[in-house]
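> This is the structure alone, sequence omitted:
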């Protein structure tokens, strides 16, 4: 896969659940792309701290398929836009060993169920993230930031969604939660 700029808006749902929103989208005839179970293993290294550089390196397993993804630093303050480079991997365990031999170590595992829909130039992902809750991610394909933000505004108004825009990644949210839990003990 070539390098792309991923433009998305992530919303933490406050007044709705993924299940209810999924039913509403299906009733409205929004194209359902499928359900995925994703397990992400994130890596870091001693010679390059991705928390400091705002980058990410992960192996994702989705319904038996495996890919390695590098995410560059965020390039916007209005949406979650960043470079993303992904390659398919045929053997998760061997890829993990290669990364470990190069000095990378697994630092966090995140699991979620994702329901994907598409409408026009937009992908709508409804995520049930283990330990973090329900989210909606809306990604624009070949759209500028203003187009994406306008679509999100119209989408949330149409479905009566009360939410908070979340610019942190699921990994950042998970790490913050784990650190808060360890500090309270």
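Nice, I can see it. In this text the structure is predicted, and so the values were computed from the model without any measurement. Numbering: from 1, shown residues only.

> Give me the number of neighbouring residues for residue 121.
By the measure other CB atoms under 10 Å, the count of residues near residue 121 is 13. Every C-beta, even on glycine, is put in place using the N, C-alpha and C of the backbone.

> same check, this time on the one 4 residues further on
With neighbours defined by other CB under 10 Å, the count for residue 125 comes to 20.

> which SS state does it fall under?
Secondary structure, DSSP: H, G, I helix; E, B strand; the rest coil: residue 125 is strand.

> model confidence over stretch 156-165, on average?
On average, the pLDDT along stretch 156-165 is 93.

> start to end distance for that stretch?
11 Å (CA to CA, to the nearest Å).

> One more: stretch 47-57?
14 Å.

> Around residue 82, how many other residues sit close by?
Residue 82: 20 surrounding residues under other CB under 10 Å.

> Please enumerate the helices of this structure.
In the chain, the helices defined using DSSP state H lie at 18-27, 50-53, 92-101, 145-158, 170-183.

> wait, which of those helices is closest to residue 63?
Closest approach to residue 63 among these is made by helix 92-101 (12.9 Å; CB to CB).

> Which residues are in contact with residue 73?
53-55, 82 (CB atoms under 8 Å, 6 or more residues apart in numbering).

> shaky segments in this structure?
1-6, 76-81, 185 (pLDDT under 70).

> Distance of residue 126 relative to residue 69?
20 Å (CB to CB, to the nearest Å).

> Then residue 148?
Following CB to CB, the distance that separates residue 148 from residue 69 is 21 Å.

> Looking at those two, which is more packed in?
Neighbour tally, residue 148 and residue 69, criterion other CB under 10 Å: the higher count belongs to residue 148, 22 against 17.

> quick one: contacts for the residue lying closest to that one once chain neighbours are set aside?
Distances taken as CB to CB, 6 or more residues apart in numbering place residue 140 nearest to residue 148, at 3.9 Å, with adjacent residues excluded. By CB under 8 Å, 6+ apart, the contact set of residue 140 is 7-8, 121-122, 147-148, 151.
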